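quick one, structure for this:
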Amino acid sequence: MERRTLTPRPGWQRTVEEQGLIYPLTRYPDDSLRPYWDESAHYVFSLPEVEALEEVVEELHAMCLAAAEHIVTHGRLADLGITDPRVAEAVTEAWRRRAELPSLYGRFDLRYDGTDGRPAKMLEYNADTPTSLVEAASPQWFWMEERFPGADQWNSLHERLVDAWKKQASLLPPGGPLYFAHSAGDELGEDLMTVAYLRETAQQAGLDTEVISMEDIGWDRLSGRFVDKKLGFIRSCFKLYPWEWLTTDRFAPHVLETLDNGGGTGSTLWIEPAWKMLLSNKALLAVLWELYPDHPNLLPAYLDGPRELASASGRGYVTKPLLGREGAGVTIHPPGAEPLVREEPCCYQELAPLPDFDGNRVVLGAWVVEDEAAGLGIRESAGPITDEYARFLPHVIL
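All right, here's what the predicted structure looks like:
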């Protein structure tokens, strides 16, 4: 793994916009606009390096599924903050019927620097509402074809997504389109862009689709069903909207009453399914460490406090809220810092500082489609936490 600089293409902003990335620039607090898509540098990997990372990702995914089974079997949903009996029942039933429920994708965040003998470390798993998909699947691929013709890239995202929809089409209820929904409050447009792209992959798989905002989904009291603005029944819906919101907002009782967890027991099939709450929660990190202590691709993690991570001889730790996006609420505690246990439920994970390439802190986003590793997206930040100001950089296999 190596970071190399490169002169950006003339007109790069318009190019990536035409390829689906609607916000190539990020507005900073000082009101300046700076590149989000950053092709002034790129990362180079060897083929054996990528093949090894693929194996790691698929092993981690299998371990996460085993951890989900453990959580359900041993009644540990409360460790994830899932204390509402109705939500716990919905998650448990969805897990038990997971073979009958469409489940599309997820993204691992990994700490990796390419140094021999230093394995990739799992930072977290974004398995419910992962973003940065469009830039990884589309503009990155076309950039590689233009700048490095004949080279390769860890990127089979598009074809795998289309194939996944084709395979899972039989799990969708008949009699209506598959809706694609996001929140109208998405100011940046990231969720809109992601949903539009996923809808495109579903259409290429031959599915009938419609787009809707979450705010435009209504409830028809007479039929006891969710409906669109024309009162059409919403039998299936891909939502880029976290389950923790869906199960707590004003429509939550209706969501839980009409949840289709397979077998035709309800009226609305949501994608991703409710069992993804087991994987998108930072408590998963602590459960993994319990089940696979000292695994080379895991970091020590706990739910009751930092334990030995806070000792003077420890490596320090990171405190993460169980739920959250873009680094929100994450705090770093260096070695020897006074132990601090928050009142809110958190995960305490060993500190693994992000690799520093010429002052840029990098995290790998490794994609899974169904159960297979499918691609890579790379984000850089100026600080130690990957936040909403992180940049996306392309990569190539040479």
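
which stretches of the stretch 101-250 of the chain have low pLDDT?
Residues of the stretch 101-250 of the chain meeting the criterion pLDDT under 70: 187.

which parts of it are strands?
105-111, 121-126, 178-182, 209-213, 218-220, 225-227, 236-240 (DSSP state E, counting those that start in this stretch).

residue 158: which of the ones you listed is closest?
Set against residue 158 and scored by Cβ to Cβ, the strands of the stretch 101-250 of the chain come closest in strand 105-111, at 11.8 Å. To be clear about C-beta, it is placed using only N, CA and C from the backbone, and glycine gets the same treatment.

what's in contact with that closest one?
53, 56-57, 60-61, 120-128, 130, 132-133, 161, 164, 276, 279, 352, 354-355, 363-370, 374, 377, 386 (Cβ atoms under 8 Å, 6 or more residues apart in numbering).

one more time with 6 Å
Under the criterion Cβ atoms under 6 Å, 6 or more residues apart in numbering, residues 57, 120-121, 123-127, 130, 352, 363-369 lie in contact with strand 105-111.

cool, stretch 33-50 as well?
By Cβ under 6 Å, 6+ apart, stretch 33-50 touches 1-6, 8, 12, 16, 21, 24-27, 154, 378, 391-398.

in helices, which of the residues you listed fall?
12, 16 (DSSP state H).

buried only: go through the contacts of stretch 33-50 for me.
Taking 16 or more other Cβ atoms under 10 Å as the criterion, what is buried in the contacts of stretch 33-50 is 1, 3, 8, 12, 16, 21, 24, 26, 154, 378, 391-397.

so what's residue 144 up against?
Neighbouring residues of residue 144 by Cβ under 6 Å, 6+ apart: 153, 396.

kindly report the same for the one 4 residues further on.
Listed by Cβ under 6 Å, 6+ apart, the contact partners of residue 148 are residue 396.

same check, this time on residue 277
Neighbours of residue 277 in contact, by Cβ under 6 Å, 6+ apart: 91, 243.

go again with 7 Å.
82, 91, 128, 243 (Cβ atoms under 7 Å, 6 or more residues apart in numbering).

let me see the ranges of the helices in the stretch 151-300 of the chain.
157-168, 190-204, 243-246, 252-257, 283-291 (DSSP state H, counting those that start in this stretch).

I'd say residue 233 and residue 173 touch.
No - counting by Cβ atoms under 7 Å, residue 233 sits too far from residue 173 to count as a contact (9.6 Å).
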